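Asker: sequence below, structure please.
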Amino acid sequence: YEDFLQKRFFDYFLKGKQNGWDKQPKVLLQVRHPGEKFVERAENEWPLARTQWTKCLLDASDKSLSWKSVAKEAKVTYPMPAGGAIFHTAPVEKETEITGPVALRVWISSSTTDTDVFVALRLIDVDGKEIMAIGPRGDGAQMAIGFLRASHRELDPEKTLPYRPYHKHKQRLWLKPGEIVECQVEIWPTSIVIAKGHRLRIDIQPRDGVATIETIAINCVMAGCKPEYVPIVIAAIEAMVDDEFNLNGVQTTTHSCAPLVVVSGPAVKQLGFNTKEGVFGHGCRPSAAIGRAIRLILWNAGGGYPG
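Answerer: Model prediction:
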C-alpha cells in the first residue's frame with residue numbers, strides 16, 4: 001500500500017503524470033480497528049482540530065494509569081538494566097479512538113549519571129494478552145514507542161508543544177545520584193480504536209531489551225553459529241553496550257550503518273576466519289554466522305530495526 005502511494009507521489013512530481021495526486025487529502029489515516037481491520041479516513045490537518053486532548057496519569061502506588069487525579073505521591077524502583085515499570089488503565093467502558101501524537105512526562109532519579117527511558121504503548125485484550133500492531137517490517141509490534149536518554153532531556157521552549165517535546169541535543173545534563181529530574185518523552189503518533197473492555201498499558205524501561213546469555217544463545221542458534229563462536233558474540237555485545245560506543249545512536253539512526261567487529265588472536269585460526277582476499281565476501285561461516293547473530297540480537301533484544 002505504501003509503495004503504491006509513494007509511486008503516485010513520485011510519478012506526479014518527478015514524471016509530471018496527472019494521476020490526481022494534486023487532489024490527494026492532506027492527511028490520510030489508516031485507523032486500526034479490532035480484528036486487524038483498517039479504515040481509511042481523510043483529514044484536513046494534523047493533529048486533528050477536533051482532538052480531545054486527554055491526560056492519563058501514572059499512579060506509582062498501584063502501577064495504574066488513571067484518567068483521574070492521583071491521590072498520593074509514590075514511586076517505583078527497578079534495577080538496571082533488566083528492570084522496568086508497567087502501568088495499566090482500567091478496562092475502557094466504551095469503544096474509544098486514540099488518534100494523534102502521544103507524549104510521556106515522567107520524573108526519574110538514578111544511581112548512575114545517565115540512563116535511557118524507553119517507553120512502549122501497548123493494547124491489552126480482555127484475556128490479558130497483548131494485541132500486536134503491524135510494524136514497519138510487516139511483523140508484530142507495539143502500538144507506539146518512544147525513547148530518550150536522560151542527559152538529553154533539555155527542551156527547546158520555543159519549539160516544544162504540550163503533545164510534542166522538542167529536545168535541543170546541544171549539551172549533556174548528567175544525572176546526580178538520587179536527584180529527581182523531569183523527562184518528557186515523545187512517543188510515535190498512533191491511530192487506533194480500542195474495543196470495550198480492552199486496556200492501555202505503558203512499559204517504562206531503561207533498555208528496549210535485555211541481551212541475557214539465554215537471549216544471545218537463542219539468536220546464535222538462529223544465525224547458524226557453532227558453540228565455539230558464542231564467546232566472540234558475547235565479547236562483541238559487551239563492547240557495544242559500553243557508553244563510549246554509543247549503541248543508542250546506531251540503533252536509532254535512520255542511516256544505513258552497522259557495527260564492525262574485528263577478531264584477532266588465536267581465535268582467528270582456531271575458528272577458521274578468512275584473512276585473505278574477499279575478507280568481507282561470502283563463503284566464510286564464522287564471519288557470516290557471528291555477524292548475523294549480532295544483527296539478530298540488535299533486532300530482537302535491542303529493538304533496532306533498519307529504517
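Asker: would you mind writing the CA trace of the helix or strand Gly146 falls within as CSV?
Answerer: Here Gly146, judged by DSSP states H and E, is contained in strand 144-149. Output for strand 144-149, consisting of C-alpha atoms alone and laid out as CSV, is shown next (Å, rounded to 0.1, in the frame of the first residue of the first chain):
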residue,chain,number,x,y,z
ALA,A,144,3.8,3.0,19.7
ILE,A,145,7.2,3.6,21.2
GLY,A,146,9.4,6.4,22.4
PHE,A,147,12.8,6.8,23.9
LEU,A,148,15.0,9.4,25.4
ARG,A,149,18.5,9.5,27.0
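Asker: by contact count, what packs against it?
Answerer: Contact partners of strand 144-149 among helices and strands, from 3 or more C-beta pairs under 8 Å, 6 or more residues apart in numbering; DSSP states H and E: strand 96-108, strand 116-124, strand 181-194, helix 247-252. Using the backbone N, CA and C atoms, a C-beta is placed for each residue, glycine as well.
Asker: quick check: buried residues in the longest one?
Answerer: Using 16 or more other C-beta atoms under 10 Å as the burial criterion, the residues of strand 181-194 that qualify are 183-187, 190-194.
Asker: for the record, mean pLDDT for that strand?
Answerer: The predicted model assigns strand 181-194 a mean pLDDT of 94.
Asker: what residue ranges in this structure are flagged as low confidence?
Answerer: For the chain, residues meeting the criterion pLDDT under 70 lie at 1, 80-82, 134-140, 207-210, 252-255, 303-307.
Asker: what strand or helix carries Ile216?
Answerer: Assignment of secondary structure by DSSP H and E places Ile216 within helix 213-223.
Asker: helices or strands up against that helix?
Answerer: When contacts are defined as 3+ C-beta pairs under 8 Å, 6+ apart, helix 213-223 packs onto helix 230-240, helix 285-300.
Asker: among these, which is the most enclosed?
Answerer: Among the helices and strands packed on helix 213-223, helix 285-300 has the highest mean neighbour count (mean count of other C-beta atoms under 10 Å), at a mean of 20.
Asker: so what does that helix touch, helix or strand wise?
Answerer: For helix 285-300, the helices and strands in contact under the criterion 3+ C-beta pairs under 8 Å, 6+ apart are helix 213-223, helix 230-240.
Asker: what's the closest of the ones you listed to Val263?
Answerer: helix 230-240 (6.1 Å; C-beta to C-beta).
Asker: pull the number of nearby residues for the nearest residue to Asn44 once chain neighbours are set aside.
Answerer: Nearest residue to Asn44 in three dimensions, chain neighbours excluded: Lys26, at 5.9 Å (C-beta to C-beta, 6 or more residues apart in numbering). Applying other C-beta atoms under 10 Å, we find 9 residues neighbouring Lys26.
Asker: got the angle for the strand holding Gly146 vs strand 116-124?
Answerer: On the basis of axes from the mean of the first three to the mean of the last three C-alpha atoms, to 10 degrees, strand 144-149 is oriented at 170 degrees to strand 116-124.
Asker: touching strand 144-149 from outside, list them.
Answerer: The set of residues that contact strand 144-149 without belonging to it, under C-beta atoms under 8 Å, 6 or more residues apart in numbering, is 102-104, 114-121, 167, 183-190, 208, 248, 252, 303.
Asker: if we can go back for a sec, which residues are contacting the helix holding Ile216?
Answerer: Residues from elsewhere that reach helix 213-223 (C-beta under 8 Å, 6+ apart): 209, 229-230, 233-234, 237, 289-290, 292-293, 296-297, 300-301.
Asker: go again with 6 Å.
Answerer: Counting by C-beta atoms under 6 Å, 6 or more residues apart in numbering, helix 213-223 makes contact with 230, 233, 289, 292-293, 296-297, 301, all of which sit outside it.
Asker: contacting residues around Pro177?
Answerer: With contact taken as C-beta under 6 Å, 6+ apart, Pro177 is in contact with Ser111.
Asker: how near is it to Asp114?
Answerer: Pro177 sits at a distance of 11 Å from Asp114 (criterion: C-beta to C-beta, to the nearest Å).
Asker: what residues are shared contacts of the two?
Answerer: In contact with both Pro177 and Asp114: no residue, using C-beta under 6 Å, 6+ apart.
Asker: what's the most distant pair in the buried residues of strand 181-194?
Answerer: Every pair in the buried residues of strand 181-194 was compared (C-beta to C-beta); the two farthest apart turn out to be Cys183 and Val193, at 29.6 Å.
Asker: looking at it, Arg199 is touching Asp125, isn't it?
Answerer: No: because the distance of 8.2 Å does not satisfy C-beta atoms under 6 Å, Arg199 is recorded as not touching Asp125.
Asker: who has more neighbours out of these two?
Answerer: Per other C-beta under 10 Å, whichever of Arg199 and Asp125 has more neighbours is Arg199, with 17 against 14.
Asker: need the nearest residue in space to that one, chain neighbours excluded.
Answerer: Of all residues apart from its sequence neighbours, Ile124 sits closest to Arg199 (C-beta to C-beta, 6+ apart), at 4.5 Å.
Asker: perfect, I'm done here.
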